[in-house]
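Chemist: next input, structure requested:
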Amino acid sequence: MMHGDQRRRRRGVWLSIVLMYVALSNAWWAYRSITTYWDLVSHHDPRTPHWPFLAMGILSVLAVGGAVGLWMMRRWGFYLYVACWAAVVVVTMVLRLPLQAYLLSVVSVLLLGFSIWPRRDELL
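Modeler: Numbers count the residues shown, from 1 in each chain. Coordinates of the predicted model:
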């Protein structure tokens with residue numbers, strides 16, 4: 001069993017920075033999605049579907065959980081994050097968001113994937 005200091009050294013500085021970015025950006029998207037959802041609900045806007053914003057908020061919260069799992073060097077954290085990312089891509093397709101939204105999400109998942117790849121054998 002390793003203590004926190006040994007685990008932090010295994011994780012490395014770069015991966016720690018990437019995981020903080022992933023966690024904070026998903027926390028921001030959770031906030032934005034849920035506030036947009038409540039704004040749509042409170043104004044009873046029938047032109048825009050409400051459920052995709054709620055789904056994106058929930059998926060962003062789950063993605064933060066995946067980042068926390070990766071912070072603890074758990075393999076399930078990576079699987080949870082990638083599953084949330086794939087579901088968010090589907091929701092952005094439903095919302096017909098511009099290409100930049102897809103590219104930003106692809107960059108985030110690739111950044112995480114390339115950062116975790118050298119340490120994949122250390123995931124528990």
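Chemist: helices along the protein, start to end?
Modeler: 4-11, 13-43, 51-71, 75-95, 99-116 (DSSP state H).
Chemist: I'd like the distance between the residue sitting nearest the centre point of the chain and residue 123.
Modeler: Closest residue to the average C-alpha location of the chain: residue 63 at 3.6 Å, with Cα atoms, centre = their mean. As judged by Cβ to Cβ, to the nearest Å, residue 63 and residue 123 stand 17 Å apart. C-betas here are computed from N, CA, C, even on glycine.
Chemist: neighbours around residue 91, how many?
Modeler: 17 (other Cβ atoms under 10 Å).
Chemist: actually, residue 18.
Modeler: Neighbours around residue 18, by other Cβ under 10 Å: 20.
Chemist: do the same with the one 5 residues further on
Modeler: Applying other Cβ under 10 Å, we find 19 other residues in the vicinity of residue 23.
Chemist: list the contacts for it?
Modeler: 64, 67, 68, 71 (Cβ atoms under 8 Å, 6 or more residues apart in numbering).
Chemist: return the alpha-carbon coordinates of stretch 42-49 using CSV.
Modeler: C-alpha atoms of stretch 42-49 as CSV (Å, rounded to 0.1, in the frame of the first residue of the first chain):
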residue,chain,number,x,y,z
SER,A,42,-38.0,28.9,-15.9
HIS,A,43,-38.8,30.6,-19.2
HIS,A,44,-40.8,27.7,-20.7
ASP,A,45,-39.0,28.0,-24.0
PRO,A,46,-40.6,25.4,-26.3
ARG,A,47,-38.2,25.9,-29.2
THR,A,48,-35.2,24.4,-27.5
PRO,A,49,-35.1,20.9,-26.0
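Chemist: okay then, goodbye and thanks.
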